[in-house]
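In: Below: sequence and its predicted model.
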Amino acid sequence: MIQDIYPSRLYNSFKNHEISNNDYLLCFDGEGRVLADTRSGSIVFPKSGDISVGRTIYGFSVDNDRYFLALGETDNTDTVFEHLTLRQLRDRFSGKELFAAFTAYHLWNWYNDNSFCGRCGNGFVLSSDERALKCSKCGNTVYPRINPAVIVGVVKGDSILVTRYRRGYAHNALVAGFTEIGETLEQTVEREVMEETGVKVRNIRYYKSQPWGMAQDILIGFFCEADGSGEIHMDENELKYAEWVSREELELQPTDISLTNEMMKVFRDGRNF
């Protein structure tokens, strides 16, 4: 999956570092596209010495490499770098650079969406001792937003419930959805499967989780079993496809970076889950 970058390691603790010329700089434009050079067949981000930037803030480190975020406009005169969407990178690459791009986007999106205090309207300032934004007028403090969402492998005998979204990602997926206020994760599983496919479930059990910076999510994977006939009543506003698919007929996603794809592969291969 995208976070599986061993032997490399992500260090996400906040540090009040000053940027140096050898530090990587993650620069996003107004559409959320990141500046990168992919001509070599891998993702190369600019270093601080390559381009002119305004405000920056330390994001995280991968091994001994430090990654900073550009919080303002950048002046890129080096034509080897171009702005690319995360989906463009996702479709072509894997490894620690892709994970860095996803993680940086999560942070950049949060900083970009929180210029002003939601309590009093005053401008936020960057905290110097933690990953937070603080209001100097009313004292309100906000922290990075993380959205919990479930991925659900619903099993019936030798088949798994496969979906495709009506909009967006075009490949096979599993039932998925966000946790609502007052719900447990298990209740989210029951509700999302029922809302999207009309199938009741039982024997819900946790599988694995995954950070998914593209949507500021933490994805929590569960397997469960259909309770009853498993007759499908698909929500056509959300999905364009929902069917029981056997192990032999199951078509995986084109890349190995998602929790969804790993769960489908685990089921296809008959491994314990």
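Out: Structure received. Numbers count the residues shown, from 1 in each chain.
In: alpha carbons only for contacts and neighbour counts from here, please
Out: Noted.
In: domain assignment for the chain?
Out: By the assignment in automatic domain parsing, the chain contains the domains 10-113, 114-144, 147-268.
In: roughly how far out does the last one sit from the chain middle?
Out: By that I understand domain 147-268. 16 Å (CA atoms, centre = their mean, to the nearest Å).
In: For that domain, measure first residue to last.
Out: 29 Å (CA to CA, to the nearest Å).
In: same check, this time on stretch 46-61
Out: 15 Å.
In: buried residues in that stretch?
Out: 46-48, 50, 53, 56-61 (16 or more other CA atoms under 10 Å).
In: Helix or strand with the lowest mean pLDDT in this protein?
Out: Across the helices and strands of the chain, mean pLDDT, DSSP states H and E gives its lowest value to strand 74-75, namely a mean of 67.
In: list the buried ones in whatever helix or strand comes next after that one?
Out: Note on strand 74-75: by DSSP states H and E, the next helix or strand toward the C-terminus is strand 82-84. Buried residues in strand 82-84, counted by 16+ other CA under 10 Å: Leu84.
In: ok now the helix or strand following strand 82-84, how far from the chain's centre?
Out: Later in the chain than strand 82-84, the nearest helix or strand by DSSP H and E is helix 86-92. Averaging C-alpha positions (CA atoms, centre = their mean) puts helix 86-92 13 Å from its chain's average.
In: for helix 86-92, packing partners?
Out: helix 96-113 (3 or more CA pairs under 8 Å, 6 or more residues apart in numbering; DSSP states H and E).
In: And the domains of the chain: which comes nearest Gln3?
Out: domain 10-113 (6.1 Å; CA to CA).
In: Figure out the length between the terminal residues of the closest one.
Out: 24 Å.
In: Show the pLDDT at Ser229.
Out: Predicted confidence (pLDDT) at Ser229: the value is 93.
In: can you offset everything so residue one is 198?
Out: Renumbered: residue one is now 198, and that last one reads Ser426.
In: Please, which helix or strand holds it?
Out: Applying DSSP H and E, one finds Ser426 in no helix or strand.
In: list the contacts for it?
Out: Contacts of Ser426 were listed using CA atoms under 8 Å, 6 or more residues apart in numbering, and none were found.
In: wait, what's in contact with the residue nearest the centre of the chain?
Out: Most central in the chain under CA atoms, centre = their mean is Trp409, positioned 1.7 Å from the mean C-alpha point. For Trp409, the contact set (CA under 8 Å, 6+ apart) comprises 299-300, 415-416.
In: least confident pick among the buried residues of stretch 243-258?
Out: Among the buried residues of stretch 243-258, Val250 carries the weakest pLDDT, at 81.
In: What residues are bridge-paired with it?
Out: Here Val250 sits in beta bridges with Thr271, going by DSSP bridges.
In: now it: how far from Asn306?
Out: Applying CA to CA to Val250 and Asn306 gives a distance of 18 Å.
In: now do Leu456
Out: 22 Å.
In: Settle it for me: which of these two has more neighbours?
Out: Leu456 (23 against 18; other CA atoms under 10 Å).
In: right, and that one touches Ile415 too?
Out: No. Counting by CA atoms under 8 Å, Leu456 does not reach Ile415; the two are 10.6 Å apart.
In: can you pull the contacts of Asn209?
Out: 256-258.
In: quick one: which of the contacts of Trp409 is nearest to Leu266?
Out: Using CA to CA, Thr300 comes nearest to Leu266 of the contacts of Trp409, at 10.7 Å.
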